[in-house]
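1. no sequence for this one, just the structure:
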Ligand SMILES: C[S@@+](CC[C@H](N)C(=O)[O-])C[C@H]1O[C@@H](n2cnc3c(N)ncnc32)[C@H](O)[C@@H]1O
Ligand SMILES: [Zn+2]
């Protein structure tokens, strides 16, 4: 395989990971959510880039060939396309789910803080922001008041999340949400319900 010119130049000598993780974060054990989680080492302002994932792009059929053990770190990035982390697990792989998250997606692979995060808090996204198929479903251990219980690849369909995470869904899911909303509006206007009723002139 051809040598990476960036590696050869030494420009990446200070970077020990392939994926980006903010220096404001550190990996720590979290047994309630598998093994590890990512935590704030210092206060983090809203809108901070926390993680940028990298790896290999695989289709759903290819993903099905990849064994689940040892842990398989993967995120869906498009219809039938997934980003698979390769090599040894890195801190960026340890972003857990919470039903009351403090971080969200900007595009498909960038994780940003959605609000100010205190030192010591675990950084979590809601996997409904990224997952549109059943490749990573589990019983949630987030323990928040609004915990959904089981996390599934269908959670993005929940209308209550559309407003809460506006601007933080992966673009392919945002497209699906717009399509669902459009279909809903069409149904409402055909049935004459108030949602879709057009303004009428009063004579
Ligand atoms: C990308 S990994 C996150 C890192 C994982 N905690 C680890 O140590 O390998 C995703 C997996 O972590 C676990 N996980 C993440 N969030 C969780 C949560 N809220 N409750 C229970 N398990 C969780 C699930 O097993 C899920 O399939
Ligand atoms: Zn939960």
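-> Alright, I've got the coordinates. Everything numeric here is computed off the predicted structure, so don't read it as measured data. Ligands and ions are numbered 1, 2, ... in the order given.
2. quick one, helices of the chain?
-> Remark: helices assigned in the chain by DSSP state H are 5-9, 60-65, 159-164, 171-191.
3. nearest residue to the middle of this protein?
-> residue 130 (3.9 Å; CA atoms, centre = their mean).
4. now do the contacts for it.
-> Contact analysis of residue 130 by CB atoms under 8 Å, 6 or more residues apart in numbering lists 75-77, 105, 108, 170, 173. Backbone N, C-alpha and C define where each C-beta goes, glycine included.
5. which residues of this protein lie near ligand 2?
-> 99, 140, 142, 147 (CB under 5 Å from the ion).
6. farthest pair within those?
-> Longest distance between any two of these is 6.3 Å, between 99 and 140; criterion CB to CB.
7. pull up the overlap in contacts between those two.
-> With contacts taken as CB under 8 Å, 6+ apart, residue 99 and residue 140 have 147-148 as neighbours in common.
8. residue 42 contacts residue 119, doesn't it?
-> Yes: judged on CB atoms under 8 Å, residue 42 makes contact with residue 119 at a distance of 5.2 Å.
9. which neighbours do those two share?
-> In contact with both residue 42 and residue 119: no residue, using CB under 8 Å, 6+ apart.
10. where does this structure have low pLDDT?
-> 1-4, 6-7, 9, 11-15, 193-203 (pLDDT under 70).
11. list the contacts of the residue lying closest to residue 22 once chain neighbours are set aside.
-> Leaving aside its sequence neighbours, residue 22 sits nearest to residue 50 (CB to CB, 6 or more residues apart in numbering; 4.9 Å). Residues near residue 50 by CB under 8 Å, 6+ apart: 21-22, 24-25, 38, 44, 103, 111-113, 123.
12. could you check how far residue 50 is from ligand 2?
-> Using CB to the ion, to the nearest Å, residue 50 is found at 20 Å from ligand 2.
13. much appreciated, bye for now.
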